[in-house]
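S.K.: Okay, predicted coordinates and the sequence, questions at the end:
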Amino acid sequence: MELLLQLVLSGVVTGGIYALIAIGFVVVYKATRVINFATGELMMFGAFFAWTAMTSAGAPFAAAVAAAALGAALVGAAVERVVLRPLMGQRTISVIMVTIGLSSVFRGIAQIVWSGEYRSFPPIFPRRPIHLGPVLLPSRQVYPFLLALAAIALLWLLFRFTRTGTAMRATADDQATAFGMGIDIRRMFSFSWMLAAVTAALAGIVIGTIGGISPQLGAVGLRIFPVVILGGLDSVGGALVGGMVMGVLENLAGGYLDPLLPGGGVKDVVPFAALVLILMIRPYGLFGTREIERL
Amino acid sequence: MRPAQRAGPDEEDALSVEGLFLSFGGVQALADVSFTVRPHSITGIIGPNGAGKTSLLNCVVGFYRPQKGRIRLHGEDVTRVSADRRPRLGLARTFQNLALFEGMTVLDNVKLGAHAHLRTNVLQALAYSPAARREERELREAVEREVLDFLEIEHLRRRTVGSLAYGLRKRVELGRALAMRPRLLLLDEPIAGMTEEETEDMARFILDVKEQRGVTIVLIEHDMGVVMDLCDQVVVLSFGEKIAEGAPAEVQSNPDVIRAYLGKSH
Amino acid sequence: MRIGDFKESYAADEALFRTPTARAGLAALLAALALFPLVAGEYLVYLANLVGVLAIGALGLNILTGYTGQISLGHAAFMGIGSYAAAVAQTRFGAPFWIAVPAGGLAACAAGAVVGVPSLRIKGLYLAIATLAAQVIFEWIFTNWTGVTGGIRGINVAPASLLGFRFDTDVRTYYLVTAVAALHAYAAANLFRTRIGRAFVAVRDRDLSAELMGVNLFRTKILAFMISSWYAGIAGGLFVYFAKVVTPESFPLTLSIQYLAMIIVGGLGTIQGTLYGTVFVTLVPEALRSLTQVAQKISPEAMSWFHPMKDILFGAMIVGFLVFEPHGLAEIANRIRRFFALWPFPK
């Protein structure tokens, strides 16, 4: 019983981080119908930016996060302007491959600038583990989770209560009408990418505090696919739910199935098996909008 | 090619639509639509925008499943038959907004029309076996003779469809439908967007298809002149219901029809 | 349109190489391929083998993605299945290579049929993500089903032999690989001269209309998956004899992405493009490697830059082609050909 509780809570914690990554992904897809395969590398940049700010400039954590967010926003805007805009309206495979190509370029740049070594953040959080009833959670899991929650809350506020946020939601829902109402669609695309980059950066920092930073940090970006397919490619709420569910599922699978199967690594493959199942039963996920085809 | 003929009294109706009901979510697209089409004739389907004309066509080809009603092709009930199996029963159609395969040549587009009638399997195809070679050669001869020459587009055979002008594309689409060797041909606004000259050419082709090949034709059209000239009978839809049916002249002077087009103020 | 080129029969017009120039070009190419290992050094022959094997795989992917429009992010996994099946056939069942390699093709083909099943319900982006899941799942199987695959250590394989003739040198392997590749290229070209290939392209361009013309969408897509996987499986089988060992590391997601790069850079939906793309994507990093080795003599750190530069170059190549020449090298080749067709008259 204790094992179950432990696994579920760890899963929720991981899930919160997945949710944060997924939200950035969903934001871009909702607004521009682009699948951003470079999400992982944007996360990696965010982590490196923050790390550089802290180690080279001696900035405190909060300031480093802000600096990283700013840097990421600039990268996001540049990517949208230089690479995505010329490809607007092109077929799906072109758009997928372009973000894949970008992710390769980003990895290479990161390796040149920061070399391939593993880096760690200087100590940021208090070290004592947190007691939650009978369960013990390491501080390096809980604080990042709280950070992720804070970021998600901030995003929610942004979307709900600012004019830009509302404009972005309008553009995502119905481009033509939004345009007709005087919303600058291209600026919204730009904002969407900037937001996605910032979200990814925050997620990257969170992951960096848990497991260290390297140019390969982006590999965890693959994990979002099961999350967003479960939640629905264009649903922010779905990203939250999907993240939690996948986090818990992973942990449960790892905890109960790993001892049974040879080699282990079940944690990595179960979300993808679940993904295939979801695609067969309910391709648009829990909250995604069905796409209808007209002849 | 079969010579022109009037339908014999014992011949089955080419198309029989019985009590068709179709709705999407809350929208009733078709309500109790019934009519028949005699073989070797041209029937026009007219009505104001949104009347359900294209939905009706989509039901006949099997793209939409009606909630109630029956569709018979040459006497055979096809209501439950899947769309990809209807061409084998002699059904072909063109599209309002053109649905050509833009990346393929004119020749390949037309050849694809004959897909349901061809037999080459994968292994024969990969090896380009003598059987495959023969089938392709016969297909090519038939397509050149019956379609490309007939529609006067043989000089365009290797052009990619995406590079052609609109009027020519519509002709290729008709050609592709003809390659299906249909007994019943559905045309969705075949002359929309064409110039005067193109319209005359198209009308001539449509008439020739009926007279020279005995194909039954059902067409959706807005151009009243063409409808009056070509059609043997006209069916009028409005808001998903059939409001008139009969010879063109009758329908034209039907007060319900006039009201549907011009609104209640008349 | 070629000037002064008149065909007198439909058969002549349907041929793969329709003009004397094209036929001469083909003859020259075949001669060059045959003579290549006699003049090229060991390293180049090795590269040619690598390109040959990958070209077969890339042809398969172009059939699925370029011609039929089904995006696959799992092509490396199918190659892996072919490799492992061939290796197991040889080591466990003592099968000679001319049974083991086709066995690899068949195993991959069967896997392709399974992976294609979702295409019944999903398409486009969602199907692409499903193939991504397949890639991850198969990679996990390669690493963890140690009983069959040998886990991370993999399986070692003896060189191919036919009636006592051993393909144990790179040159001998070259002729084998080139022959198989040429055969598969010919088969692919044939496919698109017939109703089967036309149906593939129709599904890509407008699947709903194709359905109304009598094309069974599900069967067509599964067929495309199966043919494509066969090609990948054959490539995998040949790869095993070429590399003498198969391990899970040989078939990562990055290889699937490389395959996609080959067909995009080369030209989606063209056979010549597939070949150009495979050569280009394989040789560019090798050229970079040589350059780095030269630079190493000047600056001892140069080698550490190789890996990141390779990544940057790869990504830049993809982005560059997509932005500036989306139809790939095949289109560039066509432009050159058109230019010379009318030369010395300008366009």
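M.R.: Cool, the structure landed.
S.K.: can you dump the C-alpha coordinates of the one helix or strand B:Asp108 maps to into CSV?
M.R.: Using DSSP states H and E, B:Asp108 sits in helix B:106-113. Backbone C-alpha positions of helix B:106-113 (Å, rounded to 0.1, in the frame of the first residue of the first chain) are rendered in CSV as follows:
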residue,chain,number,x,y,z
VAL,B,106,-3.4,14.2,-66.8
LEU,B,107,-2.8,10.7,-68.2
ASP,B,108,-2.3,9.2,-64.8
ASN,B,109,-5.4,11.0,-63.4
VAL,B,110,-7.6,9.6,-66.1
LYS,B,111,-6.0,6.1,-65.9
LEU,B,112,-6.8,6.1,-62.2
GLY,B,113,-10.5,6.4,-63.1
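S.K.: Next one: the following helix or strand past it, is it in contact with chain C?
M.R.: Heading C-terminal from helix B:106-113, the first helix or strand you meet, by DSSP H and E, is helix B:122-127. Yes. Using C-beta under 8 Å from any C-beta of the partner chain, helix B:122-127 reaches chain C at B:122, B:124-127. No exception for glycine: its C-beta is placed from N, CA and C like everyone else's.
S.K.: picking up where we left off before, the helix holding B:Asp108 and chain C in contact?
M.R.: Yes. Using C-beta under 8 Å from any C-beta, helix B:106-113 comes into contact with chain C via B:108, B:111-113.
S.K.: Would you mind checking which of those is nearest to B:Thr43?
M.R.: If you rank these by distance to B:Thr43 using C-beta to C-beta, B:Gly113 comes first, at 21.9 Å.
S.K.: list the contacts for the residue sitting furthest away from the middle of chain B?
M.R.: Distance to the chain centre peaks in chain B at B:Ala127, reaching 35.5 Å (criterion: C-alpha atoms, centre = their mean). With contacts defined as C-beta atoms under 8 Å, 6 or more residues apart in numbering or on different chains, the neighbours of B:Ala127 are C:187, C:190.
S.K.: now the helices: where do they sit in the stretch 51-200 of chain A?
M.R.: Assigned helices in the stretch 51-200 of chain A, in chain order: A:61-79, A:92-114, A:139-161, A:163-173, A:175-180, A:185-211 (criterion: DSSP state H, counting those that start in this stretch).
S.K.: what pLDDT, on average, does the third one get?
M.R.: Read it as helix A:139-161. For helix A:139-161, the mean pLDDT works out to 80.
S.K.: Identify all contacting residues around the helix holding B:Asp108.
M.R.: Identification of contacts with helix B:106-113 by C-beta under 8 Å, 6+ apart yields B:92, B:100-101, B:104, B:139-140, B:143, B:147-148, B:153, B:156-159, B:161, B:164, B:172, B:175-180, C:195, C:198-199, C:201-202, C:210, C:213, C:215.
S.K.: now, which of those residues lie within strands?
M.R.: B:Ala92 (DSSP state E).
S.K.: Find the closest residue to chain B in the stretch 1-150 of chain A.
M.R.: Going by C-beta to the nearest C-beta, chain B is nearest to A:Arg91 of the stretch 1-150 of chain A, at 10.8 Å.
S.K.: From chain B, how far off is C:Ala202?
M.R.: Distance of C:Ala202 to chain B, given as C-beta to the nearest C-beta, to the nearest Å: 5 Å.
S.K.: burial measure for that residue, as a count.
M.R.: 28 (other C-beta atoms under 10 Å in any protein chain shown).
S.K.: can you tell me how far it sits from chain A?
M.R.: 15 Å.
S.K.: List the residues that contact that residue.
M.R.: B:101, B:104, B:112, B:115, C:209-210, C:213, C:215.
S.K.: and which of those residues is nearest to C:Trp230?
M.R.: Nearest to C:Trp230 among those is C:Val215, at 21.0 Å by C-beta to C-beta.
S.K.: near chain C, which residues of the stretch 51-200 of chain A?
M.R.: A:83, A:86-87, A:90, A:92-94, A:96-98, A:100-112, A:116.
S.K.: List buried residues within the residues you listed.
M.R.: A:83, A:87, A:92-94, A:96-98, A:100-112 (16 or more other C-beta atoms under 10 Å in any protein chain shown).
S.K.: show me what contacts B:Ile42?
M.R.: Contacts of B:Ile42 (C-beta under 8 Å, 6+ apart): B:206-207, B:210, B:216-219, B:230-232.
S.K.: Tell me the one of those nearest chain C?
M.R.: For those, the nearest to chain C is B:Val218 (14.8 Å; C-beta to the nearest C-beta).
S.K.: Of the helices of the stretch 51-200 of chain A, flag the one that's most buried.
M.R.: Most buried of the helices of the stretch 51-200 of chain A, by mean neighbour count (mean count of other C-beta atoms under 10 Å in any protein chain shown): helix A:185-211, with a mean of 24.
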